[in-house]
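Chemist: Need a 3D model of the sequence below.
(chains A, B, C and D, ligands or ions: 4)
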There are 2 protein chains.
Amino acid sequence: MNFDFPQLLKSLQLKVTPQRLAILEIMRIADTYLSPEEVQEQVQQRANGKVGLPTIYRNLEELSAQGVISKILHPNRQLYYYFCANRDHHHHFVCLACRTVQDLHDCGCAEMASQIDGQVEFQIMQALGTCRRCCTQNA
Amino acid sequence: MNFDFPQLLKSLQLKVTPQRLAILEIMRIADTYLSPEEVQEQVQQRANGKVGLPTIYRNLEELSAQGVISKILHPNRQLYYYFCANRDHHHHFVCLACRTVQDLHDCGCAEMASQIDGQVEFQIMQALGTCRRCCTQNA
DNA sequence: CTATTAAATCGAAATCATTTCTATTTAGAA
DNA sequence: TTCTAAATAGAAATGATTTCGATTTAATAG
Ligand SMILES: [Mn+2]
Ligand SMILES: [Mn+2]
Ligand SMILES: [Zn+2]
Ligand SMILES: [Zn+2]
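Modeler: Residues are numbered from 1 along each chain as shown, chains lettered A, B, ... in the order given. Ligands and ions are numbered 1, 2, ... in the order given. Modelled structure (predicted):
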């Protein structure tokens, strides 16, 4: 992954704004998935500058659409995003207790897609549950 | 699948109400996924009796939680449900154009779960796109 | 450096799918 | 038939997300 965010944004034809850089930096250092509101809080804490919530929503969605960050599918149906440095094709296991995310390689995506009679546009694949650490603590 | 819905409801410890039976019947005969509002419309058309929207929402969610119907993950983030008679473990390919659903067997769920360091509670897996029929028509 | 402009941001307000609430009804059991 | 927990109805609330119009700004060219 390219951690030169200004460069990254340029390559995506997006203007390099302080708001975007702040959002990207917060996502990069977060070790759990975050809601848009949480991203806003952290951006304000760190950068000490205000960023409007619509701006957060717009950018998180844009970055997600471009594959820079990934969207977490949560049972509560609200939006959460996670920055993953791993650029290889893979999926995630999400701990609902501590909000951490594990990478999952070895998926059956390709063979799954091969049995589809049509044009695949999205492939959703994600596991949810309780990570070992959280299992142990609450046992 | 047990198409004796009264029996099915009893086995799930749910009361056999006309509303539930109407919802189940509509879901069974639908050949596409449906939104709660669409279920309501069709229930009213067919049964000629009113069913409140909260009742529809509550029951669709309950039946989905019990595995009787499946929830469709749609990019617009609204709720959709689909009744699938196939009781074997499998997943779905959803056509966003005509709303039809294809069964997908041969998933890598098990091996995927095996690499997870924790307790899996949900496994989300779904493909979205355009079915061959729709591809052909719009070509 | 300045001018230009499309893109981006802002805050306020709107949206609307979904949920909650409470009174009433009803299925199922005794 | 009586009883009661479960289910339903309709009205109202909810609140995460989106939209809007005005303003600012990044990027480009001269
Ligand atoms: Mn990852
Ligand atoms: Mn199916
Ligand atoms: Zn955990
Ligand atoms: Zn189709």
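
Chemist: When you work out contacts or count neighbours from here on, use the C-alpha atoms and nothing else.
Modeler: Will do.

Chemist: so what does the helix or strand hosting residue A:134 touch, helix or strand wise?
Modeler: In this structure, residue A:134 is located in helix A:132-137 according to DSSP states H and E. Secondary-structure packing of helix A:132-137 (3 or more C-alpha pairs under 8 Å, 6 or more residues apart in numbering or on different chains; DSSP states H and E): strand B:118-131.

Chemist: Does the helix or strand where residue A:46 lies pack against any helices or strands, and if so which?
Modeler: Assigned by DSSP H and E, residue A:46 belongs to helix A:36-47. When contacts are defined as 3+ C-alpha pairs under 8 Å, 6+ apart, helix A:36-47 packs onto helix A:18-29, helix A:53-65, strand A:79-82.

Chemist: do it and DNA strand D meet at all?
Modeler: Yes - residues of helix A:36-47 are located near DNA strand D by C-alpha under 7 Å from any atom of the strand, namely residue A:36.

Chemist: Might you report the residue contacts of the spatially most central residue of chain A?
Modeler: For chain A, the residue nearest the mean C-alpha position is residue A:82 (2.3 Å; C-alpha atoms, centre = their mean). For residue A:82, the contacting residues are A:27, A:32, A:33, A:34, A:69, A:70, A:71, A:72, by C-alpha atoms under 8 Å, 6 or more residues apart in numbering or on different chains.

Chemist: follow-up on the earlier one: how distant is the helix holding residue A:134 from the center of its chain?
Modeler: Relative to the centre of its chain, helix A:132-137 is centred 23 Å away, using C-alpha atoms, centre = their mean, to the nearest Å.

Chemist: For chain A, list the residues in contact with DNA strand C, please.
Modeler: Proximity of chain A to DNA strand C (C-alpha under 7 Å from any atom of the strand) is limited to residues A:13-15, A:17-20, A:50-55, A:58-59.

Chemist: Have a look at the residues you listed and tell me the least confident one.
Modeler: Lowest pLDDT within the residues of chain A next to DNA strand C is found at residue A:50 (91).

Chemist: shouldn't that residue be in contact with residue A:44?
Modeler: Yes - in this structure, residue A:50 is within contact of residue A:44 by C-alpha atoms under 8 Å, at 5.6 Å.

Chemist: What are the buried residues along the helix holding residue A:46?
Modeler: In terms of neighbour count (16 or more other C-alpha atoms under 10 Å in any protein chain shown), helix A:36-47 has its buried residues at A:36, A:39, A:40, A:41, A:42, A:43, A:44.

Chemist: Keep only those of those that are also close to ligand 4.
Modeler: By C-alpha under 5 Å from the ion, no member of the buried residues of helix A:36-47 lies near ligand 4.

Chemist: need those in CSV with pLDDT, can you?
Modeler: As requested, the buried residues of helix A:36-47 are exported to CSV (pLDDT from 0 to 100):
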residue, pLDDT
A:36, 98
A:39, 98
A:40, 98
A:41, 97
A:42, 97
A:43, 96
A:44, 93
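
Chemist: closest to DNA strand D among those residues?
Modeler: Nearest to DNA strand D out of these is residue A:36 (C-alpha to the nearest atom of the strand; 6.1 Å).

Chemist: quick revisit: test of understanding: give the bridge partners of the residue nearest to the centre of chain A.
Modeler: Beta-bridge pairing for residue A:82 (DSSP bridges): residue A:70.

Chemist: Show me where chain A dips below the pLDDT cut-off.
Modeler: A:1-2 (pLDDT under 70).

Chemist: quick one, domains of it?
Modeler: The record's domain parsing of chain A by automatic domain parsing lists A:1-85, A:86-139.

Chemist: Can you say which of those domains is nearest to residue B:112?
Modeler: If you check each of the domains of chain A against residue B:112 by C-alpha to C-alpha, domain A:86-139 wins as the nearest, at 5.8 Å.

Chemist: near ligand 2, anything from the closest one?
Modeler: No - in terms of C-alpha under 5 Å from the ion, no part of domain A:86-139 sits within range of ligand 2; the closest distance is 12.9 Å.
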